[in-house]
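# Here is the input, now give the coordinates:
(chains A and B)
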Protein chains: 2
Amino acid sequence: MTIRYPGGRKYAATTNANNKIKNPKILQYANRGMTLEEDLNTTNQFYRETSRGVIYKKPTPIQVVHVDYPRRSAAKITEAYFKKPSTTDYNGVYRGRYIDFEAKETKNKTSFPFGNIHVHQVEHMRAVQEQGGISFLIIRFTQLQETYLYDVSCFMEWYFNQAKRSSIPKKEIQTSGISITEGYRPRLDYLSAVDKLYF
Amino acid sequence: MTIRYPGGRKYAATTNANNKIKNPKILQYANRGMTLEEDLNTTNQFYRETSRGVIYKKPTPIQVVHVDYPRRSAAKITEAYFKKPSTTDYNGVYRGRYIDFEAKETKNKTSFPFGNIHVHQVEHMRAVQEQGGISFLIIRFTQLQETYLYDVSCFMEWYFNQAKRSSIPKKEIQTSGISITEGYRPRLDYLSAVDKLYF
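Numbers count the residues shown, from 1 in each chain, chains lettered A, B, ... in the order given. So this is what the prediction gives:
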């Protein structure tokens, strides 16, 4: 018997000879172990299957240096390096509009640190907005199990602020952002938050 | 002396002691050697720099199997494989609309063979269109130095046709598609063709 998550990933619990689950405790807390990226991939797959939107995570940019061809059909990359992304991780189309966003988790309970957001990514989000696209961040406070959609205009006000802060207070994200509800299908219904904020 | 293409790539010609170019013939025909992908990357960079549109080529999807960490800062990928793309190569935003396309070259002079277009990519383009996005192919006949923008609706009529053809006649692409003019900046002005067909 194989239990699968919505995304198709196998559930890890094993069964004994009577087909009873040995460790039911894992099932109960299964979702807690899923990262924001996994939740979004599951959600995007659900959105595509139900024709709600066509949104994908972009592949990680990799610089390929050397490729071996052990057999004619199979190319094996033997030397490559991760490149710094110049755009955001997710984009696609929803209700005729272009959607573009970056997703970030933080363990911090009171603020969201800028640390992992490169200036190139912020410039990209600004350019998207100027071209008439919808651009935002999805921010998860992992310790609190809270996830927010936060518009890039609000974000830039803090990011490019004279005061040279290194983070945004969580209170501000709660006030100006939209809380994203977690569920089963879709796992993380961020397009409902998009509806509220942009349509 | 270094001559650079618009994209920043170095020009290969070497100079002698008097700083005169040894092989001026290469300069004259330089652009002929550029692939469709190089032309599009150069063009997209120009579009972004002039705020005309925000369109990127997606990174090639790669399955990373093993990573070495010789130094703390540098991660070296030592085993990885190319994955088949499930979407198209290019997407972005232009005049508020979502743009999504696949670019293909053919050496054939009379027709465009379906060979390199996976059914998943066509399904993706159909889904994009249903969501209100703009989706098309850019097709170059390399032997004739002609490039066309061809809408995905026209493409699907041939691709899913009962007759089970394996190609589209060039005449049809000339008639229903829009010819893309080649120039210096932008190198391949496909957004003007988008203007004509969709706005």
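# Identify the residues contacting the closest residue to A:Y69 other than its chain neighbours.
In this structure, A:Y69 finds its nearest non-sequential neighbour in A:A75, 5.8 Å apart by Cβ to Cβ, 6 or more residues apart in numbering or on different chains. From N, CA and C alone the C-beta is placed, and that goes for glycine too. For A:A75, the set of contacting residues under the criterion of Cβ atoms under 8 Å, 6 or more residues apart in numbering or on different chains consists of A:V67, A:D68, A:Y69, B:Y81, B:F82.
# Tell me which of these fall in strands.
Judged by DSSP state E, the subset of those located in strands is A:V67, A:D68, B:Y81, B:F82.
# so which of those residues comes closest to A:L191?
Comparing the ones in strands among the contacts of A:A75 against A:L191 with Cβ to Cβ picks out B:F82 as the nearest, at 31.4 Å.
# Hmm, B:I62 and the closest one touching each other?
Yes. Using Cβ atoms under 8 Å, B:F82 and B:I62 qualify as a contacting pair, with a distance of 6.1 Å.
# is any part of the top strand by length along chain A close to chain B?
Under DSSP E, the strand in chain A containing the largest number of residues is strand A:97-106. Yes. When contact is scored as Cβ under 8 Å from any Cβ of the partner chain, part of strand A:97-106 falls within range of chain B: A:R97, A:Y98, A:I99, A:D100.
# Which pLDDT value does the model give the second one?
What it means is A:Y98. We have a pLDDT of 98 for A:Y98.
# Flag every residue of chain A that's near chain B.
Going by Cβ under 8 Å from any Cβ, the residues of chain A near chain B are A:48, A:51, A:53-54, A:56, A:58-62, A:64, A:74-83, A:87, A:91-100, A:124, A:127-128, A:130-133.
# give me that answer again for 7 Å
Proximity of chain A to chain B is confined to A:48, A:51, A:53-54, A:56, A:58-62, A:75-82, A:87, A:91, A:93-98, A:127-128, A:130-133 under the rule Cβ under 7 Å from any Cβ of the partner chain.
# so what's A:S51 up against?
Under the criterion of Cβ atoms under 7 Å, 6 or more residues apart in numbering or on different chains, the contact partners of A:S51 comprise B:E130.
# got the phi/psi numbers for it?
Per-residue torsions, A:S51: phi 60, psi 30 (degrees, to the nearest 10).
# And the strands in chain A?
Under DSSP E, chain A gives strands at A:54-57, A:62-68, A:76-82, A:90-94, A:97-106, A:111-113, A:134-141, A:146-151, A:167-169, A:178-179.
# Now render those strands as JSON lines, adding mean neighbour count.
Below are the strands of chain A laid out as JSON lines (neighbours: other Cβ atoms under 10 Å in any protein chain shown):
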{"stretch": "strand A:54-57", "mean neighbour count": "21"}
{"stretch": "strand A:62-68", "mean neighbour count": "13"}
{"stretch": "strand A:76-82", "mean neighbour count": "17"}
{"stretch": "strand A:90-94", "mean neighbour count": "24"}
{"stretch": "strand A:97-106", "mean neighbour count": "22"}
{"stretch": "strand A:111-113", "mean neighbour count": "19"}
{"stretch": "strand A:134-141", "mean neighbour count": "24"}
{"stretch": "strand A:146-151", "mean neighbour count": "21"}
{"stretch": "strand A:167-169", "mean neighbour count": "17"}
{"stretch": "strand A:178-179", "mean neighbour count": "16"}
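# Out of these, the one nearest B:T142 is which?
Among the strands of chain A, strand A:62-68 comes nearest to B:T142, with 24.0 Å by Cβ to Cβ.
# Tell me where the model's unsure across chain A.
Judged against pLDDT under 70, the low-scoring parts of chain A cover residues A:1-33, A:72.
# what packs against the longest helix seen in it?
With DSSP state H setting the assignment, residue counts place helix A:36-49 as the longest helix in chain A. The contact analysis (3 or more Cβ pairs under 7 Å, 6 or more residues apart in numbering or on different chains; DSSP states H and E) places helix A:36-49 against strand A:54-57, strand A:97-106.
# picking up where we left off before, would you turn the ones in strands among the contacts of A:A75 into JSON lines with distance to B:L36?
Supplementary listing: the ones in strands among the contacts of A:A75 in JSON lines, determined by distance: Cβ to Cβ, whole Å:
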{"residue": "A:V67", "distance to B:L36": "22"}
{"residue": "A:D68", "distance to B:L36": "27"}
{"residue": "B:Y81", "distance to B:L36": "25"}
{"residue": "B:F82", "distance to B:L36": "19"}
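# ok, now which ones touch A:L149?
Contact criterion Cβ under 7 Å, 6+ apart gives A:F136, A:I138, A:G177, A:I178, A:I180, A:Y190, A:A193, A:V194, A:L197 as the residues in contact with A:L149.
# and which of the residues you listed is nearest B:E172?
Within the contacts of A:L149, distances to B:E172 taken as Cβ to Cβ reach their minimum at A:V194, with 38.8 Å.
# State the distance from the closest one to B:Y69.
Separation of A:V194 from B:Y69 (Cβ to Cβ, to the nearest Å) stands at 38 Å.
# which one of these two has more residues nearby?
Just comparing A:V194 and B:Y69: by other Cβ atoms under 10 Å in any protein chain shown the higher neighbour count belongs to A:V194, 21 against 9.
# which residues do B:F82 and B:I62 both contact?
In terms of Cβ under 7 Å, 6+ apart, B:F82 and B:I62 are not both contacted by any residue.
# in terms of contact, does A:H124 touch A:T87 like I think?
Yes. Counting by Cβ atoms under 7 Å, A:H124 touches A:T87, with 4.8 Å between them.
# hmm, back to that, could you list every helix and strand that the longest strand of chain A packs against?
Contacts of strand A:97-106 with other secondary structure elements, assessed using 3+ Cβ pairs under 7 Å, 6+ apart, are made with helix A:36-49, strand A:90-94, helix A:119-130, strand A:134-141, strand B:97-106.
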